[in-house]
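# here is the input, now give the coordinates:
(one chain, ligands or ions: 1)
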Amino acid sequence: MPTTSTCAPSLASFPRPVTALVSGASRGIGLGFVRQLVSGGRARRVWAGCRDPEGAAALAELAAGSDVVRLVRLDVTDEDGLAAAAAAVGAEHEPLDLVINCAGVLHRPGGPTPERRLADVRADWLMEAFAVNGAGPLLLAKHLEPLLPRRDRAVFASLSARVGSIGDNRLGGWYAYRGSKAAQNMFIRTLSIELARRARGAICVALHPGTTDTELSRPFQGGVPESKLFTAERAVEQLLRVIDGLGPGDNGRFIAWNGEKIAW
Ligand SMILES: NC(=O)c1ccc[n+]([C@@H]2O[C@H](COP(=O)([O-])OP(=O)(O)OC[C@H]3O[C@@H](n4cnc5c(N)ncnc54)[C@H](OP(=O)(O)O)[C@@H]3O)[C@@H](O)[C@H]2O)c1
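Got it, this is the predicted structure:
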């Protein structure tokens, strides 16, 4: 049984009820963020970005029962779509206080799985992983940055993974996932430097959620002790607590679910 929840964080660190956008909101951790942002009562609006709003049944049900949630079509590899999503969010003329990028790929059902050895590496899968996990968060930032408040606290958080840490890599393997998350980490760090010049209250971080029971991790949970496998609900609570506690000194950091700073 995965480790379950504690209690929802308040997001009191933001100066007003937040306008938030969550990408990869169709399922897993992203869906969990939308759920808890709504139930926590400190969200004015939650934009739930997903590639196929018509096919995201759980998310559509959540949106149908809430005045706060708006579904928006969003694929982090599609710049025209990102521009359209940003235009929809911008049309409300409210600053975007919180962006949480949850879009990510580790494997495709019936398709490529993480490489065990060099011979498993495939060009097409490398490109796909780099497009979604690496370039995706940066393109998302490119289109949403104009909507961030210029002075007030804002958080741009992207879900990375500890295995994307170069300093922490002791096991090898998983070339596409590790490499693409390492690329994401570099983009987040670089973005944090530029953002600090233009949006003075912005804090840009890469976050590691811990191993969480979702479709992404399910084929690889074998060796994970129960105490280290979180439900999506628990992972989201922990990450919201980290987000709520971020200060200006955390801009450009890679932070785990428990607040620990991870080596790049
Ligand atoms: N679960 C873990 O143990 C774990 C550990 C470390 C890091 N992470 C990271 O946490 C993030 C969320 O993972 P998860 O466990 O919630 O995975 P998940 O359940 O597989 O969900 C992945 C989400 O990403 C979306 N997505 C995939 N490609 C996309 C694209 N091109 N544009 C926009 N959205 C896209 C999927 O949408 P569709 O429904 O349309 O496919 C889905 O909503 C990922 O970045 C993952 O690497 C997870």
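
# show me which residues of the stretch 51-200 of the chain sit near the ligand.
Contacts of the stretch 51-200 of the chain with the ligand, taken as C-beta under 6 Å from any ligand atom, map to 51-52, 74-77, 102-106, 132, 159, 161. (Each C-beta comes from the backbone N, C-alpha and C, glycine too.)

# one more time with 8 Å
Counting by C-beta under 8 Å from any ligand atom, the stretch 51-200 of the chain comes close to the ligand at 51-52, 55-56, 74-78, 101-106, 131-133, 136, 158-163, 177, 181.

# among the residues you listed, name the ones in helices.
136, 177, 181 (DSSP state H).

# centroid-wise, who is the farthest residue in this protein?
Ranked by distance from the centre of the chain (C-alpha atoms, centre = their mean), the top residue is residue 119, with 30.4 Å.

# pretty sure that residue sits in a helix.
Yes - per DSSP: H, G, I helix; E, B strand; the rest coil, residue 119 lies within a helix segment.

# going along the chain, name the strands of the stretch 1-150 of the chain.
With strands called from DSSP state E, counting those that start in this stretch, the stretch 1-150 of the chain shows them at 18-23, 43-50, 69-73, 98-101.

# those into TSV, with extra columns for mean pLDDT?
Shown next, in TSV, are those (pLDDT from 0 to 100):
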stretch	mean pLDDT
strand 18-23	98
strand 43-50	98
strand 69-73	98
strand 98-101	98
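
# dump those strands into a markdown table; add mean neighbour count and distance to residue 249 as well.
Output for those, formatted as a markdown table (neighbours: other C-beta atoms under 10 Å; distance: least, C-beta to C-beta, whole Å):
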| stretch | mean neighbour count | distance to residue 249 |
| --- | --- | --- |
| strand 18-23 | 26 | 21 |
| strand 43-50 | 24 | 26 |
| strand 69-73 | 19 | 32 |
| strand 98-101 | 26 | 19 |
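
# of the residues of the stretch 51-200 of the chain next to the ligand, buried ones?
51, 56, 74-76, 78, 101-106, 131-133, 136, 158-163, 177, 181 (16 or more other C-beta atoms under 10 Å).

# distance of residue 21 from the ligand?
12 Å (C-beta to the nearest ligand atom, to the nearest Å).

# use 238 as the first number for this chain going forward.
Will do, 238 is the new start, and the previous item becomes residue 258.

# that residue and residue 336 touch, don't they?
Yes - if you go by C-beta atoms under 8 Å, residue 258 and residue 336 touch, sitting 5.1 Å apart.

# got any residues that touch both of the two?
residue 381 (C-beta atoms under 8 Å, 6 or more residues apart in numbering).

# for the residue farthest from the centre of the chain, give me the pLDDT.
Note on residue 356: pLDDT of 97.

# contact partners for it?
Residue 356 touches nothing, counting by C-beta under 8 Å, 6+ apart.

# measure it to residue 410 for me?
Look at residue 356 and residue 410: by C-beta to C-beta, to the nearest Å, they are 12 Å apart.

# where do the contact lists of these two overlap?
Going by C-beta under 8 Å, 6+ apart, no residue sits against residue 356 while also sitting against residue 410.

# great, nothing more from me.
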